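> sharing a model that was predicted from the sequence below.
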Amino acid sequence: MSLYTDIYSRYEREVLELLPALEQWWSEIASVKRGKTARDDRWPLGLSGHPRFIAIYRRYMLEILRLNDEHERKADEPHLSKQELWEKGKTDDGDRVAKPQSILIEDLIQRNPALRDHFQYFMFIPIGADDFGELYGEG
């Protein structure tokens with residue numbers, strides 16, 4: 001199994017477990033207004049703007065970026081002999097890197113079409129440090 005596939009599977013499971021709570025929250029705030037601002041104007045990203053979803057997305061995004069970094073470092077290593085390759089083994093990921101948005105949003109919607117309305121407009125790309133202090137999203 002690809003490491004990216006494993007990340008996606010864990011992410012999807014966590015999002016699907018969170019979904020009922022998000023849907024309940026969304027319906028509870030349907031009639032709440034702040035001044036003249038209604039729910040949909042205040043939360044234009046819908047369910048995907050909820051802090052718990054953003055936290056899940058951010059955690060898996062950082063995991064994908066760390067994996068991408070590992071793949072890029074491997075690409076810079078000297079090529080291995082056939083014997084060294086045999087001893088090292090092969091991963092399903094090869095040398096590819098993946099865009100977190102593709103795995104975490106586009107794949108989620110493609111594999112779960114019912115989630116399209118909830119997550120299709122998610123545009124928040126978290127910028128910040130991972131648990132090790134390494135910064136991502138700085139360009």
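Now that the structure is in, tell me what you want to look at.

> which residues touch the helix or strand where residue 41 lies?
In this assignment (DSSP states H and E), residue 41 forms part of helix 39-42. Outside helix 39-42, the residues that touch it by C-beta atoms under 8 Å, 6 or more residues apart in numbering are 26, 29, 30, 31, 32, 33, 34, 46. (Glycine included, C-beta is placed from N, CA and C.)

> swap in stretch 43-56?
With C-beta under 8 Å, 6+ apart as the test, stretch 43-56 has contacts from 11, 14-15, 18-19, 21-23, 25-26, 29, 40, 117-119, 121-124, 126.

> of those, buried ones?
With burial judged by 16 or more other C-beta atoms under 10 Å, the buried subset of the contacts of stretch 43-56 is 11, 14, 15, 18, 19, 22, 26, 118, 119, 122.

> where does the fourth one sit: helix, strand or coil?
Assigned state for residue 18: helix (three-state reduction, DSSP: H, G, I helix; E, B strand; the rest coil).

> after the helix or strand bottoming out on mean pLDDT in the chain comes which helix or strand?
None of the helices or strands of the chain scores lower by mean pLDDT, DSSP states H and E than helix 82-88, at a mean of 52. Sequence order places helix 100-101 as the next helix or strand after helix 82-88, per DSSP H and E.

> now that next one: mean pLDDT?
Taken as a whole, helix 100-101 has an average pLDDT of 85.

> just name whatever secondary elements the helix or strand encompassing residue 110 is in contact with.
Applying DSSP H and E as the criterion places residue 110 in helix 107-111. With contacts taken as 3 or more C-beta pairs under 8 Å, 6 or more residues apart in numbering; DSSP states H and E, helix 107-111 sits against helix 3-28, helix 116-119.
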